[in-house]
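Asks: turn this into a structure:
(one chain, ligands or ions: 1)
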Amino acid sequence: QMSLYDELGGKDTVAQIVDNFIHEIEYNKTMFTYFAESDIERFREKLNEHLCLLANGPCTYTGDTMEQVHAGMNISESDFNLGVDLFIAAMTKANVPHTVQNKLLAKMVPTRKEIIYL
Ligand code: HEM
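Replies: Below you'll find the predicted structure:
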């Protein structure tokens, strides 16, 4: 049976989603402010791994926990939703079908409580 990672298109498509997402962040003033001091190459690598893990792909996540990463950022609910919107745009630009997008979003949304208001 195909994993969600396979349905997404595997490593290449996930890498494309992450690259598109980074572009979306760069062009959004509110989001970019959060990332102003970040190591974007590390973010690129860890987000690829994290998405692979969420989609039951064959990867090991070597980054920090969602709580550790986002602690101190005090991310509001609306900024979280903005992040989700930009992520949807990144998936659409990578030609991920909406049915598959929804499956990945369903895995991401429960991590919300580990990310906002920390
Ligand atoms: C479901 C939603 C989200 C997921 C799955 C997620 C996932 C991640 C991952 C995997 C990393 C890299 C971890 C590491 O370097 O060890 C990261 C870093 C980061 N995230 Fe998120 N994130 C989410 C939402 C957000 C939102 C909404 C914001 C801001 C509004 C945000 C801001 C950041 C920033 C600024 C970093 C870089 C931290 C640093 O430079 O050390 N994240 N995130």
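Asks: neighbours of residue 105, just the number please.
Replies: 14 (other Cβ atoms under 10 Å). From N, CA and C alone the C-beta is placed, and that goes for glycine too.
Asks: ugh, wrong one, I meant residue 1
Replies: Residue 1 has 3 neighbouring residues, counting by other Cβ under 10 Å.
Asks: quick one: it and residue 57, what's the gap?
Replies: 14 Å (Cβ to Cβ, to the nearest Å).
Asks: find the residues that touch each one of those two.
Replies: Counting by Cβ atoms under 8 Å, 6 or more residues apart in numbering, residue 1 and residue 57 have no shared contacts at all.
Asks: quick one: residues contacting residue 11.
Replies: Per Cβ under 8 Å, 6+ apart, neighbours of residue 11: 48, 52, 57.
Asks: with residue 66 instead?
Replies: Residue 66 touches 111, 114-115, counting by Cβ under 8 Å, 6+ apart.
Asks: switch to 10 Å and redo it
Replies: By Cβ atoms under 10 Å, 6 or more residues apart in numbering, the contact list for residue 66 reads 50, 111-115, 118.
Asks: for the chain, which segments count as helices?
Replies: In the chain, helices defined by DSSP state H lie at 4-8, 10-26, 29-35, 40-54, 66-70, 77-93, 98-108, listed in chain order.
Asks: mean pLDDT added to these, as CSV?
Replies: Output for the helices of the chain, formatted as CSV (pLDDT from 0 to 100):
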stretch, mean pLDDT
helix 4-8, 98
helix 10-26, 98
helix 29-35, 97
helix 40-54, 98
helix 66-70, 97
helix 77-93, 97
helix 98-108, 97
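Asks: format these as CSV; extra columns: distance to the ligand.
Replies: Formatted as CSV, the helices of the chain follow (distance: least, Cβ to the nearest ligand atom, whole Å):
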stretch, distance to the ligand
helix 4-8, 14
helix 10-26, 8
helix 29-35, 4
helix 40-54, 4
helix 66-70, 4
helix 77-93, 3
helix 98-108, 4
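Asks: one step back: ok, of the contacts of residue 11, which one's closest to residue 39?
Replies: Of all the contacts of residue 11, residue 48 has the smallest distance to residue 39: 14.3 Å, by Cβ to Cβ.
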